[in-house]
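K.L.:
Return atomic coordinates for the entry below.
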Amino acid sequence: MKVPNRELHFHTKYIPVTETGCWLWLGSLSEQGYGEFWIGDKHIRAHRYAYELLRGPIPKGMFLDHLCRVRSCVNPIVTGKQIGRA
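P.N.:
Here you go, the predicted model:
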């Protein structure tokens, strides 16, 4: 399916949960439970796409940590940046 507006398509793939603040990914999940978002024939982690879309680039040397501890969450507000790897 060709989607003319990638951002609009992304926003149809999660459901916000008011009680927790999480945006639960409804699309495909990796074996580890992280959301996957396809751009053409390339897939990226959905939480990374959300963060860069809504908050800006992820600085080099930083990684994203699901502060809510829900791997399928794509809310960039509850996904914080951390230095280095845990």
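
K.L.:
Strands along the protein, start to end?
P.N.:
Using DSSP state E, the strands of the chain run over residues 14-16, 23-25, 36-39, 42-45, 62-66, 79-83.

K.L.:
Any chance of TSV for those, columns mean pLDDT?
P.N.:
As requested, these are exported to TSV (pLDDT from 0 to 100):
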stretch	mean pLDDT
strand 14-16	97
strand 23-25	97
strand 36-39	90
strand 42-45	91
strand 62-66	84
strand 79-83	62
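
K.L.:
of these, which approaches Arg55 most closely?
P.N.:
Arg55 sits nearest to strand 79-83 of all those, at 8.8 Å, using Cβ to Cβ. To be clear about C-beta, it is placed using only N, CA and C from the backbone, and glycine gets the same treatment.

K.L.:
before we move on, back to that, figure out which of the strands of the chain is closest to Gly56.
P.N.:
Of all the strands of the chain, strand 79-83 sits nearest to Gly56, with 10.5 Å by Cβ to Cβ.

K.L.:
Excluding chain neighbours, what is closest to the residue minimising distance to the centre of the chain?
P.N.:
Central residue of the chain (Cα atoms, centre = their mean): His47, 1.3 Å from the mean position. Closest residue to His47 apart from its sequence neighbours, by Cβ to Cβ, 6 or more residues apart in numbering: Val74 at 4.8 Å.

K.L.:
Which residues are in contact with the one you found?
P.N.:
If you count contacts by Cβ atoms under 8 Å, 6 or more residues apart in numbering, Val74 has them with Tyr14, Trp23, Leu24, Trp25, Gly35, Ala46, His47, Tyr49, Ala50.

K.L.:
separation between it and Gly61?
P.N.:
Val74 is 22 Å from Gly61, where distance means Cβ to Cβ, to the nearest Å.

K.L.:
ok, now Trp23?
P.N.:
Trp23 is 26 Å from Gly61, by Cβ to Cβ.

K.L.:
neighbour count winner among these two?
P.N.:
Of the pair Trp23 and Gly61, Trp23 is the one with more neighbours under other Cβ atoms under 10 Å, namely 26 against 9.
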